[in-house]
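Asker: just need the structure, nothing else, for what follows:
(one chain, ligands or ions: 2)
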Amino acid sequence: MYKAMTIAGSDSGGGAGIQADLKTFQERNVFGTSAITALTAQNTLGVQGVYPQSLECVEAQVDAVLSDIGTDAVKTGMLFSASLIRLVANKLDEYQVNNLVIDPVMIAKGGAPLLQEEAVVELRETLLPLGKVVTPNLPEAGKILDGRKIETIEEMEQAAKDIQAMGPEAVVIKGGHLGSEERSVDVLYDGERFFHYDSERISTKHTHGTGCTFSACIAAELAKGKNIPEAVKIAKYYITAAIRYSLNVGNGIGPTNHSAYRLHSLSVK
Ligand SMILES: Nc1ncnc2c1ncn2[C@@H]1O[C@H](COP(=O)(O)OP(=O)(O)OP(=O)(O)O)[C@@H](O)[C@H]1O
Ligand SMILES: Cc1ncc(CO)c(N)n1
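Answerer: Ligands and ions are numbered 1, 2, ... in the order given. Sure, this is the predicted structure:
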């Protein structure tokens, strides 16, 4: 069985973070493992607390998994601080992880910071160059590019190109935050070509954890040997189904439905 690991924060509400990643790995038929960088007390209404784990704790988890079980791909999510980013980058280098998907998580949907402001430099300089695929949303891409505004598909293409020049093999800019469009378009740049992944924009407020789920699916497909454009295509089908059948649990922004494509017999082509 192929294996994928997530190095990310825990979302007690179950819709994002480690929980979303492991549910996605399971649905995509890869064996999921994890290292938890931070615990969050979180639900559909917001983030009530953030409890980063020690460097020692995160290092022990990564060593435990990679020295024994190994992995075919790694996905990183919430890393919280510059020192955790440095540690994770060192570990990925030590274990020669090459299928690395970096979701540069910065802010939760309700606005709570999940990455310290000063850690963006570390993310850009230490972690991004190790990535096979980096998956920023529009505000994250803007932060990586020193506060640039990205509001059109053309600006998404330019941003993908400029972030790819920072070292990762490929960049997908996610278009979930693109206002007033009828479609939700993601733009991939692999160093040579642009690919557009287009879906209808689903009218729902229940989009908690969309980005985590999308990047975890890319990691699962890379683990199975899919190439980057194929992995992103499958992830786009998977997340679109998960949003179409998202769940009205809690009183705020509900989670996506990780088993939607299976329960509703939709094919992930
Ligand atoms: N309303 C929607 N309808 C269809 N697809 C959507 C919608 N919102 C987001 N998506 C898709 O979901 C994926 C994740 O994009 P998004 O920009 O929402 O990520 P994100 O902001 O990182 O999510 P989060 O921070 O909640 O984890 C992309 O493929 C995007 O196109
Ligand atoms: C733990 C965690 N990671 C990522 C996100 C982004 O959706 C979140 N809300 N919580």
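Asker: elements contacting the helix or strand of the chain with the lowest mean pLDDT?
Answerer: Ranking every helix and strand in the chain by mean pLDDT, DSSP states H and E puts helix 260-263 at the bottom, with a mean of 90. Helix 260-263 sits against helix 228-244, with contacts defined as 3 or more C-beta pairs under 8 Å, 6 or more residues apart in numbering; DSSP states H and E. C-beta: built from backbone N, CA, C; applies to glycine.
Asker: 10 Å instead, please
Answerer: Judged by 3 or more C-beta pairs under 10 Å, 6 or more residues apart in numbering; DSSP states H and E, helix 260-263 is in contact with helix 17-27, helix 228-244.
Asker: what about Leu178, is that helix, strand or coil?
Answerer: For Leu178, the assignment made with DSSP: H, G, I helix; E, B strand; the rest coil gives coil.
Asker: mind listing what's buried along stretch 36-45?
Answerer: Ile36, Thr37, Ala38, Leu39, Thr40, Gln42, Asn43, Thr44 (16 or more other C-beta atoms under 10 Å).
Asker: residues from the stretch 1-150 of the chain in reach of ligand 1?
Answerer: The interface of the stretch 1-150 of the chain toward ligand 1, taken as C-beta under 6 Å from any ligand atom, is made up of Ala16, Lys109, Asn137.
Asker: ok, the last one touching Ile107?
Answerer: Same thing as Asn137. Yes. Shown here, Asn137 and Ile107 form a contact pair, counting by C-beta atoms under 10 Å, at 9.2 Å.
Asker: neighbour count for those two, which is higher?
Answerer: Using other C-beta atoms under 10 Å, the more surrounded residue of Asn137 and Ile107 is Asn137, with 24 against 15.
Asker: pLDDT score for the nearest residue to Gly110 once chain neighbours are set aside?
Answerer: Leaving aside its sequence neighbours, Gly110 sits nearest to Gly46 (C-beta to C-beta, 6 or more residues apart in numbering; 3.9 Å). Gly46 carries a pLDDT value of 96.
Asker: equivalent analysis for Val268, please.
Answerer: 67.
Asker: show me the shaky parts of the stretch 51-200 of the chain.
Answerer: Scanning the stretch 51-200 of the chain for pLDDT under 70 picks out 180.
Asker: any chance of the buried residues of stretch 36-45 in TSV, plus secondary structure?
Answerer: Shown next, in TSV, are the buried residues of stretch 36-45 (three-state DSSP):
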residue	secondary structure
Ile36	strand
Thr37	strand
Ala38	strand
Leu39	strand
Thr40	strand
Gln42	strand
Asn43	strand
Thr44	coil
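Asker: element containing Met204, please.
Answerer: Heads up, residue 204 is Thr, not Met. Taking DSSP states H and E as the definition, Thr204 sits outside all helices and strands.
Asker: apart from its chain neighbours, what residue comes closest to it?
Answerer: Ser246 (5.4 Å).
Asker: which residues in this structure form strands?
Answerer: Using DSSP state E, the strands of the chain run over residues 3-11, 31-43, 46-52, 73-76, 100-102, 133-134, 170-173, 183-189, 194-200.
Asker: out of the ones you listed, which comes closest to His258?
Answerer: Among these, strand 31-43 comes nearest to His258, with 11.8 Å by C-beta to C-beta.
Asker: contacts only, for Ala216.
Answerer: For Ala216, the contacting residues are 4, 6, 8, 17-18, 20-25, 27-28, 30, 32, 73, 75, 77, 101, 103, 209, 235, 238-239, 258, by C-beta atoms under 10 Å, 6 or more residues apart in numbering.
Asker: change it to 6 Å
Answerer: Asp21, Thr24, Lys75 (C-beta atoms under 6 Å, 6 or more residues apart in numbering).
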